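Trainee: how does the following fold in three dimensions:
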Amino acid sequence: MADEMQEIIQDFIIETTEILDGLDQKFVELEKTPDSQELLNAIFRAVHTTKGAAGFLGFKQIVDLSHTAENLLNKLRQGTLKVTPSIMDAILKAVDMLKLLLSHVREGDGKEEDISGVINELKDAEAPVSVETAGTDLKSVPSQHVAEKITTEQVSIPPVGKKEDEAVILSSDKPKMLGEILLEKKVITRTQMDEAMLDQRGAEKIGDVLVRKGFIKKEDISAALSNQGRTTDTVHETTIRVDIKRLDNVLNLVGELVLGRNRLVRLAGDMEARYGEDETTTAIRKTISSLNVITTDLQLAVMKTRMQPIGRVFSKFPRMVRDMARIKGKEIELTLVGEETELDKTVIEEIGDPLVHLIRNSVDHGIEKPDVRVQRGKKPKGTIMLSAYHRGNNIFITIEDDGNGIDANILREKSVEKGIMTRQDADKMSNKEILNIIFMPGFSTAKEVTDVSGRGVGMDVVKTNISKLNGTIDINTEIGKGTRITIGLPLTLAIIQSLMVEASKEIYAIPLSTVVEILKINSDEIKTVDKKEVIYVRNTVFPLIRLSNLLEKQSQCSERPYVVIIAMGDKEVGVVVDALHGQEEIVIKSMGEYLSNIKGIAGATVTGSGQVVLILDIMGIFAQV
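Mentor: Numbers count the residues shown, from 1 in each chain. Next up, the predicted model:
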């Protein structure tokens, strides 16, 4: 019985978290379209569902707060109140408090909060006062810090079992609720359903309320439950909740299988070279070919189970932008594109913080205040577009605004002022190159420190986190027009295609997704410009970096070296290596805590020959140019 209750509580945590996260975005949409009855009904039902589930489990504070919010929302639905900024602030504070109360359920610590202040604000908002217009600029600021804490911290839940993010639902289908079935069959009307929901007491079932009010008979409930049961049976056959640790374990085993396959391919090649091609070696080749197909299919199947839509991350930003815009006195519209784009769960978890910093910068430094925008011939309301899309084996995320843009000359002055570089070096750098200064630790152009920015740690965190994901970041900006930041990420952090290269008699792996082309040149084709090596190819100048120098190895100075052209955004660099060893699918292994910060190295792998090979950090290479 205890195990069953743990499972029920776990389901409540997962479903309520999804509901509350979804409410943030719905409320932002409601502020834009305050007369949307569809949105108001959806929000009302979400809060009511939370109240009902909490009542069944005895979480009284969640019930009380949800009930008060529900009363206010019902008046908005009925049109007796209009959506105003003060009402929105009160309801959003209630949502923040519900998230905090839910975090106590997740932790199982039994803590309670003082919810009287939030309840009183909801009741005050519900009281008949002079009507405000939706566009009125108020100074009331929602308590955003609580929401941020809840959405970014991960906590253990010993009394409950798994954490909410340690389970993956392999199908999102759910059995229909009793009320939905009764409405579909036209046994009751929407008005009757709404009236019953308002009259629902504590953990009382909605069916019992409908019977008590005389809207339906008990026979109607039996028929609907029978229908619901058939739906549930169907769902149980196609849906399963899996602990994420089990999926991680399966993926690790697939990785070992890939390494074993690579080893077999190498051994088969050695056998053919030694004994020639005969019946045995031919049979081995065919078997390995079959194993290769199975391994690839298994790898794709396991990775697909770990894929999640990036909308899970994007959904928290409309609320964040809305709150920050009000604090800064700005009008900003956030547009989300490609929310259905999927990538690995680990990448989803790690990309959230960098995106928070980048969007904060767009709001704080990018978008101007309405009066300034009007003076510059722009619309009073600024726009930020957050989009995601697939290209090859990578996903690209862009954050684009139509604000100030980044002034490269200001960055030059600041870098000289802070002693980061000399005036001579700063003047030599192109505008594109100087933009990378913003990623240096402690660098900031802000004149004062605020709650939003100015400490010079944000962009440094962005670069560090994206480097850990083997990703890239690129900035394009135009003064007075805006800025576009593009992040490139691998779809998965586990298995990638790579180009194996040699430098100073050591083998290294370069992620194949970053390779543009490979050139074999004569050493005298390498020129020196401003004490930096470059190569001219088809009237284009490519800066060069010798891999042996980057890794502080003794250079062999080959007469006919290879140059591997790699790209990050629209920037390209040539990496000089001694030899190529072909392509290979590799399994990325962590270097561990003590070796994780080696310059130019992102990880390690084991090749088909059993040799340990280091994987190059592409962003680290570009930082050296």
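
Trainee: report the separation between T16 and L101.
Mentor: Counting by C-beta to C-beta, to the nearest Å, the separation of T16 from L101 is 10 Å. Quick note: C-beta positions are derived from backbone N, CA and C, even for glycine.

Trainee: swap that for L81, sorry
Mentor: With C-beta to C-beta as the criterion, L81 and L101 are 25 Å apart.

Trainee: with neighbour numbers in mind, choose between these two.
Mentor: Using other C-beta atoms under 10 Å as the criterion, L81 and L101 rank with L101 on top: 24 against 19.

Trainee: which of the three states applies to the more buried one?
Mentor: Of the three states, L101 takes helix under DSSP: H, G, I helix; E, B strand; the rest coil.

Trainee: that one: what's it in contact with?
Mentor: Applying C-beta atoms under 8 Å, 6 or more residues apart in numbering, we find L101 in contact with F59, Q61, I62, L65, E113, I115.

Trainee: show me just the buried residues among the residues you listed.
Mentor: Neighbour-count burial (16 or more other C-beta atoms under 10 Å) applied to the contacts of L101 gives F59, Q61, I62, L65, I115.

Trainee: helix or strand for the second one, which one?
Mentor: Using DSSP states H and E, Q61 sits in helix 60-78.

Trainee: that helix - contacts with which helices or strands?
Mentor: The elements that helix 60-78 packs onto, with contact taken as 3 or more C-beta pairs under 8 Å, 6 or more residues apart in numbering; DSSP states H and E, are helix 37-57, helix 85-107, helix 116-126, helix 190-199.

Trainee: and if we set it to 6 Å?
Mentor: Counting contacts by 3 or more C-beta pairs under 6 Å, 6 or more residues apart in numbering; DSSP states H and E, helix 60-78 packs against helix 37-57, helix 85-107, helix 116-126.

Trainee: tell me which of these is the most buried.
Mentor: helix 85-107 (a mean of 22; mean count of other C-beta atoms under 10 Å).

Trainee: between that helix and helix 116-126, how big is the angle?
Mentor: For helix 85-107 against helix 116-126, the angle between stretch directions is 150 degrees (axes from the mean of the first three to the mean of the last three C-alpha atoms, to 10 degrees).

Trainee: dump helix 85-107 to CSV, restricted to CA.
Mentor: Taking Å, rounded to 0.1, in the frame of the first residue of the first chain, the C-alpha atoms of helix 85-107 are listed here in CSV:
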residue,chain,number,x,y,z
PRO,A,85,-1.7,43.9,-14.7
SER,A,86,-2.5,43.9,-11.0
ILE,A,87,-4.7,40.8,-11.4
MET,A,88,-2.0,39.1,-13.5
ASP,A,89,0.6,39.8,-10.8
ALA,A,90,-1.6,38.4,-8.1
ILE,A,91,-2.3,35.2,-10.0
LEU,A,92,1.3,34.7,-11.0
LYS,A,93,2.4,35.1,-7.4
ALA,A,94,-0.1,32.4,-6.6
VAL,A,95,1.5,30.2,-9.2
ASP,A,96,4.9,30.8,-7.8
MET,A,97,3.7,29.9,-4.3
LEU,A,98,2.1,26.7,-5.7
LYS,A,99,5.5,25.8,-7.2
LEU,A,100,7.1,26.3,-3.8
LEU,A,101,4.5,24.2,-2.0
LEU,A,102,4.9,21.5,-4.7
SER,A,103,8.7,21.6,-4.0
HIS,A,104,8.0,20.7,-0.4
VAL,A,105,5.9,17.7,-1.6
ARG,A,106,8.8,16.7,-3.9
GLU,A,107,11.3,16.9,-1.0
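
Trainee: so how far is that helix from its chain's centroid?
Mentor: Its chain's C-alpha centre and that of helix 85-107 lie 22 Å apart, by C-alpha atoms, centre = their mean, to the nearest Å.
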